[in-house]
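**Student:** could you work out the structure for the sequence below:
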Amino acid sequence: MFLQERRKNKPSFLAFCGGLLAAAAVGLSAYASHGVTEPLAQSHLNTAALYAFGHGVALAALGAKSQHPLGRIALCVLLLGTLLFSGSLAGNVLMKWPTTLAPFGGMTLMGGWVLLAFSALKR
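**Tutor:** This next block holds a predicted model:
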């Protein structure tokens, strides 16, 4: 019984990453509002912040609770998709990177949500 309780209370890397994504999203949104004047750059940052925040909250809420292997994989795919999508948009504004990874990030996010839906059926 002690081992089961300990396993349930172990730290969650996915929940940790979710919290960091949500915090970064707040910073990106604030920077878009107060530090950027060009409309397209503001739009890119706000979109990056929106996706990072929403997926960060999902990871923070589900990361510590998910025990089914497919659910954990789905959350990892969501993390990767968020980093690719939001990172590409934010990197474009902040470091002049191309946004070529954003479409791959978006497809990865969709795939992660589909995997998460299927994992809900496996419980």
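**Student:** low-confidence ranges, the protein, go.
**Tutor:** Counting by pLDDT under 70, the chain has low-confidence residues at 1-9, 123.
**Student:** which residues in it form strands?
**Tutor:** Counting by DSSP state E, the chain has no strands to list.
**Student:** quick check: longest helix of it.
**Tutor:** In the chain, ranked by residue count with DSSP state H as the criterion, the top helix is helix 69-95.
**Student:** output the contacting helices and strands for that helix.
**Tutor:** For helix 69-95, the packing partners by 3 or more Cβ pairs under 8 Å, 6 or more residues apart in numbering; DSSP states H and E come out as helix 13-34, helix 39-63, helix 102-121. Backbone N, C-alpha and C define where each C-beta goes, glycine included.
**Student:** most tightly packed of these?
**Tutor:** Mean neighbour count (mean count of other Cβ atoms under 10 Å) peaks for helix 39-63 among these, with a mean of 20.
**Student:** before we move on, back to that, could you give the angle of the longest helix of the chain to helix 39-63?
**Tutor:** Angle of helix 69-95 versus helix 39-63, following axes from the mean of the first three to the mean of the last three Cα atoms, to 10 degrees, is 160 degrees.
**Student:** tell me what angle helix 69-95 forms with helix 102-121.
**Tutor:** With the same axes, to 10 degrees defining the directions, helix 69-95 sits at 160 degrees from helix 102-121.
**Student:** now the angle from helix 69-95 to helix 13-34?
**Tutor:** Using the same axes, to 10 degrees, helix 69-95 lies at 30 degrees relative to helix 13-34.
**Student:** mind listing what's buried along helix 69-95?
**Tutor:** 70-72, 74-94 (16 or more other Cβ atoms under 10 Å).
**Student:** contacting residues around Met110?
**Tutor:** Residues touching Met110, when contacts are defined by Cβ atoms under 8 Å, 6 or more residues apart in numbering, comprise Gly81.
**Student:** er, Gly112 actually
**Tutor:** By Cβ under 8 Å, 6+ apart, the neighbours of Gly112 are 74-78, 80-81.
**Student:** 10 Å instead?
**Tutor:** By Cβ atoms under 10 Å, 6 or more residues apart in numbering, Gly112 lies in contact with 55, 58, 73-82.
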